[in-house]
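Trainee: model this:
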Amino acid sequence: MDGTLVDTEPYWISTEYALAEKYGGTWSDEHALSLVGNDLIESGRYIREHMGIDVEPARIVEELLDGVVAQVEQQVPWCPGAVELLASLREAGVPCGLVTMSYRRFVAPILAALPEDTFRVVVTGDTVNQGKPHPEPYLKGAALIGVPPEECLAIEDSNTGVRSAVAAGCTVLVVPNHVPVLEGERRIFRDSLAGLDARALATL
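Mentor: Prediction:
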């Protein structure tokens, strides 16, 4: 979701800097970008260590979510072509699942801005035991849809997410956003989702 459907990374980064200011920690863009695609509780642990603040990781996650949700409720920053692609897939009857490491309460306002039947299943970071880059999130998503992961196309923007999808057996459409993504097996690269529809995805 983050970086492919919505470009919320600036929201996360600004909230991280606000957290550092609140608790007297230090932060950098380099640290912020290293968290792209990560499981949230792992990000909380990383922030505690590298920001140098004495706050429990679970509390860090909740405060980050508070800040980002407030911004999303003001404006959903759609990525170019994402909403149009989802509409085309829905019209073509292609079952879609949302597999994100964000928690359900952050996903909710974004889903509310889309037609109700856009995603057949939603897998969030607070519903899996092991987050990306482990394959569990994508394996769970494919199982809930009822399609073998080898017949699924994942759309990802980070190395962490790509590793998760590839490990699950998916082919991955990689659309780098804020961080570069490494070349590798079962990876198709595009600069943007703009101009893509269900037919174009089938050709990929």
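
Trainee: once you drop chain neighbours, what's closest to the residue lying farthest from the centre of the chain?
Mentor: For the chain, the residue at maximal distance from the C-alpha centroid (Cα atoms, centre = their mean) is residue 24, at 28.5 Å. Nearest residue to residue 24 in three dimensions, chain neighbours excluded: residue 53, at 7.1 Å (Cβ to Cβ, 6 or more residues apart in numbering). C-beta: built from backbone N, CA, C; applies to glycine.

Trainee: my read: the one you found touches residue 25, true?
Mentor: Yes - applying Cβ atoms under 8 Å, one finds residue 53 in contact with residue 25, separated by 4.1 Å.

Trainee: who touches both of these two?
Mentor: residue 19 (Cβ atoms under 8 Å, 6 or more residues apart in numbering).

Trainee: quick one, phi/psi of residue 188?
Mentor: phi -110, psi 130 (degrees, to the nearest 10).

Trainee: could you measure from it over to residue 155?
Mentor: Look at residue 188 and residue 155: by Cβ to Cβ, to the nearest Å, they are 10 Å apart.

Trainee: ok, these two, which is more surrounded?
Mentor: The neighbour count for residue 188 versus residue 155, taken as other Cβ atoms under 10 Å, is higher for residue 155 (25 against 13).

Trainee: so that one is in which element?
Mentor: Using DSSP states H and E, residue 155 sits in strand 153-156.

Trainee: how about residue 46: what's its closest non-neighbour residue?
Mentor: Using Cβ to Cβ, 6+ apart, the closest residue to residue 46 is residue 35 (6.3 Å).

Trainee: correct me if wrong: that neighbour contacts residue 43.
Mentor: Yes - using Cβ under 8 Å, residue 35 is in contact with residue 43, at 4.7 Å.

Trainee: got the domain boundaries for this protein?
Mentor: According to automatic domain parsing, the chain comprises the domains 9-74, 82-203.

Trainee: helices or strands next to the longest helix seen in the chain in the packing?
Mentor: What stands out as the longest helix in the chain, according to DSSP state H, is helix 57-74. When contacts are defined as 3 or more Cβ pairs under 8 Å, 6 or more residues apart in numbering; DSSP states H and E, helix 57-74 packs onto helix 9-23, helix 40-47, helix 104-111.

Trainee: contact partners of the first one?
Mentor: Outside of helix 9-23, the residues within contact range by Cβ under 8 Å, 6+ apart are 2-3, 25-27, 29, 31-32, 35-36, 47, 51, 53-55, 60, 63-64, 67-68, 71-72, 77, 177-178.
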